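Chemist: give me a model of this one.
(chains A and B)
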There are 2 protein chains.
Amino acid sequence: MTEPWVGRPIPQIDMTDKLRGATRYIADLSLPRMLHGAIVRSPVAHGRIRHVDVSRALRVPGVRAVITGADVRAPAFGPYVPDWEVLAQDKVRFVGDDVAAVAATTPEAAREAADLVEVEIEELPAVFDAVEALEPGAPLIWEQRLGNIATTFEIARNDVERGFGRADHVFEADFSTSRIYHGYLEPIATLAEYHDNGAYTLHVPTHIPLRARLVYARGLGVDTSRIRLIVPPIGGSFGAKYEMTVPLVAAALSRAAGAPVRLAFDREEDAAVNHPRPPFVFHHRVGVRDDGTFVARTTDVVGTAGARTFWSPTVLATAVHRVDSLYDFGAMAGTGRLVYTNESPTTCMRGFGNAESLFGIEQVIDEISDRLGIDPVELRRHNAVREGQTTMHGWKISSSRLPECLDRAQKLSGYSERRRRTDWSAPRGDTRRGMGLAIAHHVSGYSAIHADFDGSSAIMRLGLDGSITVFVGEPDLGQGHRTVLAQLAADRLGVEPADVDVRGVDSALSPDSVGTLASRGTTMAGMAVLAAADDARDKLAAFQAQRWGAGVEWSGGCVVSADGARDATLREALKAYGDANCGLPLLAQGVHRPPTVKPDADKYGNPSAAYPFAVHVAEVEVDTATGQARVTRYWAVHDSGTIINPSTARGQVVGAVAQGIGWAFLEDVDLRDGVMRNANFLDYRIPGAGDMPPEMTVEFVAGHEPNGPMGAKSLGEVAINPVTAAIANAVYDAVGVRCAALPMTPERLWAAMHDDVRPAPITEVTR
Amino acid sequence: MTEPWVGRPIPQIDMTDKLRGATRYIADLSLPRMLHGAIVRSPVAHGRIRHVDVSRALRVPGVRAVITGADVRAPAFGPYVPDWEVLAQDKVRFVGDDVAAVAATTPEAAREAADLVEVEIEELPAVFDAVEALEPGAPLIWEQRLGNIATTFEIARNDVERGFGRADHVFEADFSTSRIYHGYLEPIATLAEYHDNGAYTLHVPTHIPLRARLVYARGLGVDTSRIRLIVPPIGGSFGAKYEMTVPLVAAALSRAAGAPVRLAFDREEDAAVNHPRPPFVFHHRVGVRDDGTFVARTTDVVGTAGARTFWSPTVLATAVHRVDSLYDFGAMAGTGRLVYTNESPTTCMRGFGNAESLFGIEQVIDEISDRLGIDPVELRRHNAVREGQTTMHGWKISSSRLPECLDRAQKLSGYSERRRRTDWSAPRGDTRRGMGLAIAHHVSGYSAIHADFDGSSAIMRLGLDGSITVFVGEPDLGQGHRTVLAQLAADRLGVEPADVDVRGVDSALSPDSVGTLASRGTTMAGMAVLAAADDARDKLAAFQAQRWGAGVEWSGGCVVSADGARDATLREALKAYGDANCGLPLLAQGVHRPPTVKPDADKYGNPSAAYPFAVHVAEVEVDTATGQARVTRYWAVHDSGTIINPSTARGQVVGAVAQGIGWAFLEDVDLRDGVMRNANFLDYRIPGAGDMPPEMTVEFVAGHEPNGPMGAKSLGEVAINPVTAAIANAVYDAVGVRCAALPMTPERLWAAMHDDVRPAPITEVTR
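Modeler: Presented below is the predicted three-dimensional model:
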């Protein structure tokens, strides 16, 4: 047996193609007679559509179809709330709302025609702030509803008032997190083809093909089986591309024009109308005993849905209660309200509410440690959930190496010795350093996402030529799980990862799946792939046993007869199997049913098979003259169980830290009156190499998750969850300013440092 | 239970797309950075390559690669004889031999550059006739061989001399058949893509993906698993597209240029260099007793390979011995020689040697009936093989309704009453009518084609959305077996054919297969699909039984519990199965192992699961002033067992008769000194509507083949096999001229009618 592939930092198997430009994204596809689409968007934030005149647009040479809301009437639909329309029906509800669409032979003709569609709108008062939208008399965005609340989430566990009654200290805090553009490299694009038999083929860079198909089928008024959904290579998503309405517009255009239609956004359109991370406003209350033991917490969260509801409802729910499986608060009560505004709809983003929540909570805990004089690491260690624990919501922590992560992070960074030395006197134009620490956890899948099943399944096709093809339903978004799955399969079958072709998702070929979300790709699909590989081994062994009339076993990548007299390599056995079965490839399948349950009516029950943990330490430097802050060193120590590919794993962490640094200091969707003012990468600045810490340490502590493939658990989201909090704690350590809002811009930091009264987002409640 | 789909004349399921132009042939495909190829061809028939200068070609704007033989050296390879080269190495061997190739950004640039490649060739003496090529001193085309024989075929059964000893009469005859261009609508095209990891994706309109991959892998010097072969929709082939070297040229260009390359012939190039039906020269000897009983036959066949060997070796073998499973000749001996000439290589075409053989044999039998005064129908009936018989080569006639076909053909056409046998006095400028009859048979698969297995396998994927996808390895060439397979699956599963997606062949997805050849598509793949459907039913029933904890059975398209209390439609059951298995589709598989054997060293053994039969009657009109003949009425009566789709079945027969009429009267590749002079559809005339008989009757007698799907056997080739003979017999009936050669042009007929001595291709041997 050669050295296992699991654990080796091999390059991603599709990396060469990506580097060469050989990977075929949607923009690279071309179909015969393919047309190009353009969308006519509302110029106003709220209004009643009086008239749409398409006559001038239709006269543009090359135009093949112009459609309006009248062409795409459908019963209300949407993934959570039935507030989607393929094109706006009677009202527009945000600047950029889809009013009409054009298909033409060139993108230029489509754009020209779109600009010539005349839309007459009676403008209505609009609202651009979730808290204002909740006030009486606020403009009603969906008139059939009683108010502007899209969804609510409520949860309570144990007796929270009794908990607070036991507290020696109660802290209250207000935090807000910002609207972030996902900033993937590939703008949103989709290619739709209507077939004469009423079916559609949709090329959609979604994470969740099955759920997307269910929603699209309703939107297009066809049976789900009539929608073939092909997931092309995806140039990043981070949540934005879960589900979009763009494929529906393209599909309707294709039907109208009788030809395939590609709709591809440029960067400006992409940034301006696609669905950012929802802004949240948190009010936290935490009760703690003198010894640092947490005894109660409450949370009230107001989130912004924008004008329609995408995936923010589950993000909201996560923001309200996920932290209860990181710390044991004893008792809790949480409420969340997701509120409509006249803004572009929001959706999920890496970290999915948990990162937002931790930005505040981890600052509160930092503050508590300060106030009570307890070492911040020890305070966290004391209250953190433990391996083997079932948390208050019934979540089962099947593995946790958080204590080891804390030890290691302290040791690597010298956090305990090096933090908090400066006095926080008024800024003198000098540069001050500080260190901050934050911890985080996340899930590895979330059972409540899909109503009908959790888990994953895989199909493995082993050809008589020795080829091995794996089909899973979880799209690879660029993070590299195709590589990880190939490594898992390679070890089990005694081949090399390059021999394993992990195919992209195509609903006509792949298993259906819950999807790639909630950090579930490796954990769920990995287990299914291992099961499929085992099934392949078993089937091939049974075939050889029958062929030889002898007992067999696998040994060193070969099937060997019990008497050792005969053996067959995998390839020889596959050739024999195929020949004996008239060309049939060996078909193996694997089903992974994780030990999760659907949370019950009280939201109790374990929704994830495994929980990863992380401890991040940031060192920052703040220029007190300008308020400019930057991260100078960074340490990330993770428990994600077995690391299947240290190279892709490190990539996940480095990328997440970069994204977190952008969120902390740079990025903010600048919406004014519903119009994004910085819809480009010059004005909306994501971090570049110069924004990254010159030194960065990533370590994975040894661990083994019983519910993960070869002991692995997730990594993709947990790595962003502590970043803003660690940086905020470091800023506080440097200059004594608590940042209540993201991003921590120079203006905000400078103002906070120069305020006579330092803002105090965290206060101890007088009892 | 609704009326079964099997037996209904539904339109082909892909017909609408074809009619709308929505079907995507290779010419419709486009890949990013795709280049266009052009081939530099030899202007001489035989010569030694002295020098190839590509410098001028490389300077043409847009040219990305120019390759010559030096770039594609490979050990000798080929499907039967290792005489293939990707590009000619040291010699050119026919006008049009591939010398060099160019890839450029446009077809025009590629052509321009190809024309600028300078090839210096030392011309050698050439030979253009198979019989001449056998003579001593003929130019040697492959110098490493001892002569110009590419392959030979010899077979003998029983004591043929003893057989002739028992004969009361012995007839000898010489016939020759012509070189025919397949005349499909879609000229040959291929698209090749080389991948950086050394793999290739080849889009090839082949019938035989597995065999083609094995050959291409050798030609490209890679492992078979590195070649993904995708079979696009095929715009007709009739045998020409079995295997071609063009994909190898495209592959080599793609590797050289680092981009996908499409090579598409225009009509002229397609006709001039692609591989026609091989011309054959037959010498037949038949011994017969006074009562009409056949007692012996010999055959000597000389076929033309052209300069390289494609599929003519098996065509030759068929021409020598297949007729022994139509008639019982008592004893036989046959020899065949396939001979190299300096002409474009030949390959198989519908009818595959059997049609060629029957052109002569069925005239000999007509002549025998005349000479012995035995009714020609009765003579055939008397000597024909019978249902249940094992023929002299061990072929098992599991079903035959030939007697019923004869009865029905006589009755429909009035053949026995309406034959003329009028005076055949010298032509007087009048028009004379005659009627001719011929019978034929064919195989439904041929076990000797692929060394490793016969039969077929199918994969069926049933999704939780109710979708049904079928994967078989046999490409649909346009004849409609996708539709037939969908009908078979639909009945077995209780759905409609439109619900069954029978996918095109892709070696990464489909089972491997012997291929679509030897009329095996419906019979073999049909059985595999039925087996897969049964597997699906069984698996779903087992799932429901476990789910319900009760016995179940299928009833009316539903799974019903034994107590009748619960039922689930197919779709409900699939949804439950998918949900219970985490999104896994139900994977079913079917393997069909037909009751065939590989013929042994003596060529004995049953190679086909079923044998179809046909009786055709033609009425012709011959203008004795001009020699112009035409078919005025036509009757085709077939035993193909159960007819799954009467519409596609009729289409097969009508198409085959049209093709046979073209072969009989119109078509002939006009090669002079190796140059085709009629490489276009003006000069090479295939039949149009005006050439078809105004009246045509197609009937299928009721039958049931135990080895075929729902009782079906093949039809595609048997329908062309009797056509030229029936027409020739009718011509003889009209004007008393036996046609020894195809085509029966006005010039030939006129000359024969006006010869003082009528040509006598069939003579009784003096004993």
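Chemist: okay, now the domains of chain A?
Modeler: A:15-22+A:455-592, A:32-126+A:185-236+A:241-273, A:280-446+A:602-764 (automatic domain parsing).
Chemist: reformat those domains as a markdown table; add distance to chain B.
Modeler: For every residue, glycine as well, the C-beta is placed using N, CA and C. Output for these, formatted as a markdown table (distance: least, CB to the nearest CB, whole Å):
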| stretch | distance to chain B |
| --- | --- |
| domain A:15-22+A:455-592 | 4 |
| domain A:32-126+A:185-236+A:241-273 | 4 |
| domain A:280-446+A:602-764 | 11 |
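Chemist: of these, which is nearest B:G292?
Modeler: Comparison of those against B:G292 by CB to CB identifies domain A:15-22+A:455-592 as nearest, at 42.5 Å.
Chemist: could the domains of chain A go into TSV alongside mean neighbour count, mean pLDDT and distance to A:F175?
Modeler: Formatted as TSV, the domains of chain A follow (neighbours: other CB atoms under 10 Å in any protein chain shown; pLDDT from 0 to 100; distance: least, CB to CB, whole Å):
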stretch	mean neighbour count	mean pLDDT	distance to A:F175
domain A:15-22+A:455-592	22	96	23
domain A:32-126+A:185-236+A:241-273	21	97	25
domain A:280-446+A:602-764	22	95	3
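Chemist: any idea which of those domains gets closest to B:P9?
Modeler: Nearest to B:P9, of all those, is domain A:32-126+A:185-236+A:241-273, at 19.3 Å by CB to CB.
Chemist: gap between the two ends of the closest one?
Modeler: Counting by CA to CA, to the nearest Å, you get 29 Å between the two ends of domain A:32-126+A:185-236+A:241-273.
Chemist: and stretch A:268-287, by the same measure?
Modeler: 46 Å.
Chemist: starting at the chain centroid, how far to that stretch?
Modeler: With CA atoms, centre = their mean, to the nearest Å as the basis, stretch A:268-287 stands 13 Å off its chain's centre.
Chemist: also stretch A:47-61?
Modeler: Between the mean C-alpha location of stretch A:47-61 and the chain-wide mean there is a distance of 37 Å, by CA atoms, centre = their mean.
Chemist: list of residues touching that stretch?
Modeler: Applying CB atoms under 8 Å, 6 or more residues apart in numbering or on different chains, the external contacts of stretch A:47-61 come out as A:63, A:66, A:68-69, A:88-92, A:99-100, A:102, A:104, A:109, A:112-114, A:116-124.
Chemist: hmm, 7 Å instead?
Modeler: Outside stretch A:47-61, the residues that touch it by CB atoms under 7 Å, 6 or more residues apart in numbering or on different chains are A:63, A:66, A:68, A:88, A:90-92, A:99-100, A:102, A:104, A:109, A:112-114, A:116-124.
Chemist: then stretch A:289-301?
Modeler: A:160, A:163-164, A:166-168, A:280, A:282-288, A:316, A:319-320, A:327-336, A:372, A:374, A:379, A:382-383.
Chemist: do that again at 6 Å, thanks
Modeler: Residues outside stretch A:289-301 that contact it (CB atoms under 6 Å, 6 or more residues apart in numbering or on different chains): A:160, A:163-164, A:166-168, A:280, A:282-288, A:319-320, A:329-336, A:372, A:374, A:379, A:382-383.
Chemist: among these, which lie within strands?
Modeler: A:280, A:282-288, A:332-336 (DSSP state E).
Chemist: reformat the residues you listed as a markdown table; add distance to B:R650.
Modeler: Below are these laid out as a markdown table (distance: CB to CB, whole Å):
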| residue | distance to B:R650 |
| --- | --- |
| A:F280 | 69 |
| A:F282 | 74 |
| A:H283 | 78 |
| A:H284 | 78 |
| A:R285 | 82 |
| A:V286 | 82 |
| A:G287 | 85 |
| A:V288 | 87 |
| A:M332 | 75 |
| A:A333 | 76 |
| A:G334 | 72 |
| A:T335 | 72 |
| A:G336 | 68 |
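Chemist: of those, closest to B:A649?
Modeler: Using CB to CB, these come closest to B:A649 at A:G336, 65.7 Å.
Chemist: can you pull the contacts of that closest one?
Modeler: Counting by CB under 6 Å, 6+ apart, A:G336 makes contact with A:F153, A:V301, A:L316, A:V320.
Chemist: which SS state does the third one fall under?
Modeler: A:L316 falls in the helix class when you classify it by DSSP: H, G, I helix; E, B strand; the rest coil.
Chemist: picking that back up, which among the domains of chain A is found nearest to B:G7?
Modeler: Proximity to B:G7, assessed across the domains of chain A by CB to CB, is greatest for domain A:32-126+A:185-236+A:241-273 (23.0 Å).
Chemist: and the contacts of A:G336, which two are the farthest apart?
Modeler: So, the contacts of A:G336 by CB to CB: farthest apart are A:F153 and A:V301, at 8.1 Å.
Chemist: identify the contacts common to these two.
Modeler: Joint contacts of A:F153 and A:V301 (CB under 6 Å, 6+ apart) are A:V320, A:G336.
Chemist: leaving out sequence neighbours, find the closest residue to A:K396.
Modeler: Nearest residue to A:K396, sequence neighbours excluded (CB to CB, 6 or more residues apart in numbering or on different chains): A:N606, at 4.5 Å.
Chemist: any idea which helix or strand carries A:Q487?
Modeler: Per DSSP states H and E: A:Q487 is located in helix A:481-493.
Chemist: who are the packing partners of that helix?
Modeler: If you count contacts as 3 or more CB pairs under 6 Å, 6 or more residues apart in numbering or on different chains; DSSP states H and E, helix A:481-493 packs onto strand A:500-502, helix A:526-548.
Chemist: for that helix, the distance to its chain's centre please.
Modeler: For helix A:481-493, the distance to the chain centre is 23 Å (CA atoms, centre = their mean).
Chemist: could you give the angle of that helix to helix A:526-548?
Modeler: Computed by axes from the mean of the first three to the mean of the last three CA atoms, to 10 degrees, the angle separating helix A:481-493 from helix A:526-548 equals 30 degrees.
Chemist: give me the contacts around helix A:481-493.
Modeler: Here helix A:481-493 has contacts from A:4-6, A:12-13, A:470, A:476, A:496-497, A:500, A:502, A:521-522, A:525-526, A:529-530, A:533, A:644-645, A:709, using CB under 6 Å, 6+ apart.
Chemist: tell me if A:S510 really is in a helix.
Modeler: No - assessed with three-state DSSP, A:S510 is coil; it does not lie in a helix.
Chemist: surely it meets A:G473?
Modeler: Yes - with contacts counted by CB atoms under 6 Å, A:S510 reaches A:G473, the gap being 4.9 Å.
Chemist: quick check: A:A458 is in a strand.
Modeler: Yes - secondary structure of A:A458 (three-state DSSP): part of a strand.
Chemist: contacting residues for the closest residue to it other than its chain neighbours?
Modeler: Nearest residue to A:A458 in three dimensions, chain neighbours excluded: A:A528, at 3.8 Å (CB to CB, 6+ apart). A:A528 makes contact with A:S456, A:S457, A:A458, A:G590, A:H592 under the criterion CB under 6 Å, 6+ apart.
Chemist: quick test: name the residue nearest the centre of chain A.
Modeler: Central residue of chain A (CA atoms, centre = their mean): A:R350, 3.4 Å from the mean position.
Chemist: tell me the contacts of that one?
Modeler: Contacts of A:R350 (CB under 6 Å, 6+ apart): A:F238, A:G239, A:E717, A:I720.
Chemist: so which strand or helix has A:R48?
Modeler: Secondary structure (DSSP H and E) places A:R48 in strand A:47-53.
Chemist: partners of that strand, with directions?
Modeler: Next to strand A:47-53 in the sheet, as set by DSSP bridges, lie strand A:91-92 (antiparallel), strand A:118-123 (antiparallel).
Chemist: give me the contacts around the longest one.
Modeler: For strand A:118-123, the surrounding residues in contact (CB under 6 Å, 6+ apart) are A:V44, A:G47, A:R48, A:I49, A:R50, A:H51, A:V52, A:D53, A:V99.
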